[in-house]
Structures are given as C-alpha cells and as structure tokens.
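Student: structure for this input, please:
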Amino acid sequence: MNQEDSQDSVTHDPVTHDPVTKIEVYLVDLKQDKPYLGSLREGETVNESGYFVRQGNRTVYPRKNRSLVVKITTTDGVIGWGETYGLVAPQATAAIISDLLTGFVIGRDPFEVEAIHDELYDLMRVRGYTGGFYLDALAAVDIALWDIAGKIAGVAVAELLGGFQHRRIPAYVSGLPEDTLTKRCELAQSWQERGFDSLKFALPVADDGAVTELKALRETLGEKARIAIDLHWSLSGPDALTLAKELSPFRPWFLEAPVATEEIETLREVAQNGGERIAVGEEWRTVYDARHRIDRKACHIVQPEMGHTGITQFKRIANHAETHKLEIIPHATIGSGIFLAASLQASAALKGVTSHEFQHSIFGPFRHFTGDALECENGSFNLTHRPGIGVEPSEAMLECMTLIPS
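Tutor: From the prediction side, this is the model:
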C-alpha cells in the first residue's frame, strides 16, 4: 500500500448528520460565598491567586467555586452542552479544548461520539493522556456531543445508552458545611425531615474526628439512616484499618477514598480486611483506572464522576463494575448542574446504580436551568425524558457565564 492509498484508507466516511461547526468554552461563577466543605479552618488561608489548602486532606480549593462549561453548535444550530471540573486552573483545561480538541471535532458527525472520544484519547499518548486536565477537557466535549446526538435523534441520552432502567434515582445528601458538630447534626436532621435518609460527611471538616462525628450523627438520625464518610485519600493503610474498626459500632454506610489513589495494593488490603464497604472512583478518568482497582477486588462500591469521565468513559466504567457485581453510586463534584444532568442520564440506563450523590450546597442554591429536569426531592432525583441530557441554561445562568477567548 502506497502513502496515498494509506491516507485514503483512514479518511472519515461522509457525514450523515448535522456536523459540528463551533465550540465555545465558558467559565461559570457559581455565586457562592462559602467555600466548598464550609468555612476555612485554623491554618487555612487564601493566597493571592485565590486558592487555599484544606489541612485535613492537603488538597487545594478556590475561595470561590466555579465550573467550566462547553457549548458545541452544529451547522443547523443544534446546541449541545458539556461541563467539566473547573475549580483549579480552569484556563488550562479551556486551552486544551480551544487550542487542541476543537480542530479535531469541527466538521464531525456528533453521532460518532464514541469514535471521536477514542481518537482524541489517542492523540496525546506519552503526553499525559491518562488523566488530569486533558481528560477533563475531553469529558466536557464528550458530554456535549452526546447531548447533540440525543437532540437530533429526539430522545434522552438514556435511550441512546440502552433505555431507562429507573424511574427515579435515590439521592444522598453530600456534605454538612457548618462550623460546629451541633449545627452539622441539625443540618443533617433537617434533610432527614425532608425525606433524605442517606448522607455523607467529610473527614477534613469533622473537627472532632470521624468517630465522634459518626457517633453524634447516628444518635441524631437513628439506626436506619445511612451515613457514609469521605476520607479524602488522607490515611495510611494501618490507620485506615484502625479507623474502620473504631467506626464499626456506629455502622457506617461506606468509607470513601481511605488511602492515596496510587496505593492500589493498600486499598485492596483495606477493602479485604477492614470489615467496612469501601467506595472509590471519583478521581478516575477511564475504565483503565477502574480495572486496576476492580480486578484486584480493591473496592465494593464504584463512584464514577461525570465531570472527569464524560458519558463514554462513565458508561464503560459502570459496565465493568456491573460485570463484577459491584454497586454503583456515582459521584457529583462541584459544577453548575450540566454534568450532573449527564450523570443522571447515564445512571438511568444502568441497573447497578443504587444511589447518586446530591451536592446540595452547590447545586441547590445555583440551580439555573429551564424546567424541572434536575429536581431532587423526597430523597431522590427525578429523571427527565427530554432529548439529550435534558437541561438548558436559563437566562440567569447565562449571565454567570464568561466566554473564554480561544
């Protein structure tokens, strides 16, 4: 085969659907006064760039929460919305989309979304293609393309993924951003009174320690409440095993992210010997990340995060978890609600999904979408059958969005 024949052999088939013509990237101000997880603790100060480090997990956060949204438009004016993690250095992710990915997506058929995903994934081998900003950028583009495909087909994304398996998805309240244990217990109780009997608290702001926090919440909420603990990758293996034993009398629902994500064998040891159910997956970007943990029996619950995976990898991760009979409880990080809508659509098509994170302190105050597609009430999320991911930004949200120049 000569070079000309070789080039012809990889030419894309003619576009059969309305092709992509424009990609725009926006920074969204989530309009929140209180930092994620609550007020700053002792020793936590905001630097000149607007960042601070949580002492409990040594992780950087911005003082003001924000997100990164992608708008993709086709030649006929069909618009798809995508979103990714935009808390830290959002301009880096935006540059990847505008400077690199856009040139390989313009002119493509949105129905080729999985093929486009895999081609973009392959572009950056040996250049950090396995994670971080690159795959976050890819996730946003992927969500927007699925949104367009659903709109052109006139069906919800869940239908494109095989059909709805759920009418509603149980939700758990994530985070208790109050300054004292008494107030955190009162906040938890107020959510329970609204029909939410499952919640999760975070170790970095459990000021008296995980055991004291869980004990107080158990006494407040009763024996039937499901109470999980996010450990934020902060413990060594021995400390995680010890803590699991100390927490056992108060029956935690699950322990999330007990050890550093790269310590896979340590994670497996904690999952096998700790006596509590271990949930992980928020930081994964691909099914390859999932295989390293799932195949080693290093977890009991898988938590894919749509803002990092996009719909294509979310589906692949979840399918691998289902093959191994694992429970799927998707994570929902800080965002405007677009990738939450995508996560609910993907989750609706999966039998293995038993619950979904509800970031009440982020999404609740900001909810700037037309219609009721993202309603979360009486302990569960509603599921929309609207085409695509089912949401459109309202005028109020558009006013919070700043176009990032390409």
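Student: going by C-alpha atoms from here, please, whenever you check contacts or count neighbours.
Tutor: OK.
Student: measure residue 281 to residue 327 for me?
Tutor: 12 Å (C-alpha to C-alpha, to the nearest Å).
Student: those two: which is more packed in?
Tutor: Applying other C-alpha atoms under 10 Å to residue 281 and residue 327 shows that residue 281 carries more neighbours, namely 24 against 20.
Student: could you report the pLDDT at the nearest residue to that one once chain neighbours are set aside?
Tutor: Using C-alpha to C-alpha, 6 or more residues apart in numbering and skipping residues adjacent in sequence, the residue nearest residue 281 is residue 303, 4.5 Å away. Listed pLDDT for residue 303 reads 98.
Student: number of residues surrounding residue 303?
Tutor: Count around residue 303 with other C-alpha under 10 Å applied: 26.
Student: was I right about it contacting residue 285?
Tutor: No - contact criterion C-alpha atoms under 8 Å: residue 303 and residue 285 do not qualify, at 11.1 Å.
Student: what residues does stretch 84-94 touch?
Tutor: Residues from elsewhere that reach stretch 84-94 (C-alpha atoms under 8 Å, 6 or more residues apart in numbering): 25, 27, 60-62, 65-69, 133-134, 136-137, 139-140, 306-308, 333-335, 339, 404.
Student: go with 7 Å
Tutor: For stretch 84-94, contacts defined as C-alpha atoms under 7 Å, 6 or more residues apart in numbering pick out 25, 61-62, 65-69, 133-134, 136-137, 139-140, 307-308, 335.
Student: mind listing which of those are in strands?
Tutor: Secondary structure from DSSP state E places 25, 61-62, 66-69 of the contacts of stretch 84-94 in strands.
Student: can I get the buried part of those residues as one ChimeraX selection?
Tutor: Selection of buried members from the ones in strands among the contacts of stretch 84-94 for ChimeraX, criterion 16 or more other C-alpha atoms under 10 Å:
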select :25,61,62,66,67,68,69
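Student: skipping its backbone neighbours, what lies nearest residue 176 in space?
Tutor: residue 184 (5.5 Å).
Student: residue 401 too?
Tutor: Closest to residue 401 by C-alpha to C-alpha, 6+ apart is residue 28, at 4.5 Å.
Student: neighbours around the one you found, how many?
Tutor: Counted with other C-alpha under 10 Å, residue 28 comes out at 22.
Student: quick check: mean pLDDT across the helix or strand hosting it?
Tutor: Following DSSP states H and E, one finds residue 28 within strand 20-29. Across strand 20-29, the average pLDDT comes to 97.
Student: after that strand, next one along is what?
Tutor: Downstream of strand 20-29, the first helix or strand assigned by DSSP H and E is strand 51-54.
Student: between residue 281 and residue 327, what contacts are shared?
Tutor: Residues touching both residue 281 and residue 327 (C-alpha under 7 Å, 6+ apart) are residue 302.
Student: ok, residue 162 - contacts?
Tutor: Counting by C-alpha under 7 Å, 6+ apart, residue 162 makes contact with residue 349.
Student: SS state for it?
Tutor: Here residue 162 is coil, with the state taken from DSSP: H, G, I helix; E, B strand; the rest coil.
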